[in-house]
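A.B. asks: Sequence unavailable; structure follows:
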């Protein structure tokens, strides 16, 4: 009996040692996905859809946590402060990772030092939309309406201050010699509310944020970025088609983790995401949201981020904007 008790005790110690030595990501503990924008927006919807599928692939809980504010800055700071144990990831698009460090003197994080790219899953386009109460049905008609009916002055909503949409307002103002002013919101949802209520005549944001209300006619998209028209918006021309060049490089969506996160954890998450994106239903749902599904591994996402930041650094420099 004593011998059996000793064996059981020794076995328990061995199991305990194995549990302590096993990496955190291999245990059935919850994974957090941080979202830097409010619930109900495009990024939140994408995060929750992917979390549901990742939960199945990884075999553990995957929890979406909204940390809205400052264009994703608060969520990025939360990611930096999180332990690099393979249990916290940040789903974001270009604004937080590529643009904020260009427009803020102290964003509270340095993507190159504080984060590691995990995997990218899509590209998308920003575009200009007009509200239902605006008579314009094309970019040309909107510009003419501002020039003749608004005295050459207009306001255009943008989902965050010092964002690519805000700088795009500056490009339009310079191109058409109009007094166009960007009106920053705290995310796309409140901006969309004002557009649908005809409180603001136009807005610039992502296709995923605009697509449903464009389809139901409550707003009208009149131009998009990129080198070609979007399959989901075949009748909406690109800015390049309309004579505004230099806006062809597309924003991206991806996952990032705290610097120091074990490669094994990153690889496991990346492989799970690749499997999720291979599911036809997932691809269809993402496409319906206005995304172009495009899996990128860690190295490819890092390269995409560097290229995109370089393009917009030049646009921001030409605008005369001074980091705040």
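C.D. replies: Looks like it came in fine. Note that this is a predicted model, so its numbers are computed, not measured.

A.B. asks: CA atoms for contacts and neighbours, from now on please.
C.D. replies: Fine.

A.B. asks: The stretch 51-200 of the chain: helices as residue ranges?
C.D. replies: In order along the chain, the stretch 51-200 of the chain carries the following helices (DSSP state H, counting those that start in this stretch): 73-81, 94, 100-103, 111-114, 139-149, 164-176, 188-196.

A.B. asks: For residue 225, which of those is the nearest?
C.D. replies: helix 164-176 (9.9 Å; C-alpha to C-alpha).

A.B. asks: on contacts alone, who are the packing partners of the closest one?
C.D. replies: When contacts are defined as 3 or more C-alpha pairs under 8 Å, 6 or more residues apart in numbering; DSSP states H and E, helix 164-176 packs onto strand 153-158, strand 179-184, strand 202-206, helix 298-319.

A.B. asks: if you compare the ones you listed, which one is most tucked away?
C.D. replies: Among those, the stretch with the highest mean neighbour count (mean count of other C-alpha atoms under 10 Å) is strand 202-206, at a mean of 27.

A.B. asks: ok, residues contacting it?
C.D. replies: The set of residues external to strand 202-206 that reach it, using C-alpha atoms under 8 Å, 6 or more residues apart in numbering, is 124-131, 155-159, 165-166, 169, 188, 191, 195.

A.B. asks: and stretch 179-189, how far apart are its ends?
C.D. replies: By C-alpha to C-alpha, to the nearest Å, the extent of stretch 179-189 from end to end equals 25 Å.

A.B. asks: dump the residue contacts of the residue lying closest to residue 301 once chain neighbours are set aside.
C.D. replies: Leaving aside its sequence neighbours, residue 301 sits nearest to residue 120 (C-alpha to C-alpha, 6 or more residues apart in numbering; 5.6 Å). Residues in contact with residue 120 (C-alpha under 8 Å, 6+ apart) are 252, 253, 254, 255, 294, 295, 296, 297, 298, 300, 301.

A.B. asks: circling back: figure out which of the helices of the stretch 51-200 of the chain is closest to residue 283.
C.D. replies: Of these, nearest to residue 283 by C-alpha to C-alpha is helix 94, at 20.5 Å.

A.B. asks: what comes into contact with that closest one?
C.D. replies: Counting by C-alpha under 8 Å, 6+ apart, residues outside helix 94 touching it are 251, 252, 253, 305, 308.

A.B. asks: Kindly state the pLDDT recorded for the closest residue to the third one other than its chain neighbours?
C.D. replies: In space, residue 253 comes closest to residue 93 once its chain neighbours are excluded; the distance is 4.3 Å by C-alpha to C-alpha, 6+ apart. Residue 93 carries a pLDDT value of 91.

A.B. asks: So what's the residue count around residue 93?
C.D. replies: 22 (other C-alpha atoms under 10 Å).

A.B. asks: do the same with the one 4 residues further on
C.D. replies: Neighbour count for residue 97, taken as other C-alpha under 10 Å: 23.

A.B. asks: Against residue 187, how distant is it?
C.D. replies: If you go by C-alpha to C-alpha, the gap between residue 97 and residue 187 works out to 16 Å.

A.B. asks: And for residue 181, nearest residue in space, chain neighbours not counted?
C.D. replies: Once flanking residues are discounted, residue 181 sits nearest to residue 155: 4.8 Å by C-alpha to C-alpha, 6+ apart.

A.B. asks: Could you find the closest non-adjacent residue to residue 154?
C.D. replies: residue 180 (4.8 Å).

A.B. asks: who are the neighbours in contact with the one you found?
C.D. replies: Counting by C-alpha under 8 Å, 6+ apart, the residues that residue 180 touches are 153, 154, 155, 156, 169, 170, 172, 173.

A.B. asks: Dump the residues you listed to CSV, plus distance to residue 31.
C.D. replies: Below are the contacts of residue 180 laid out as CSV (distance: C-alpha to C-alpha, whole Å):
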residue, distance to residue 31
153, 48
154, 45
155, 41
156, 38
169, 38
170, 40
172, 42
173, 44
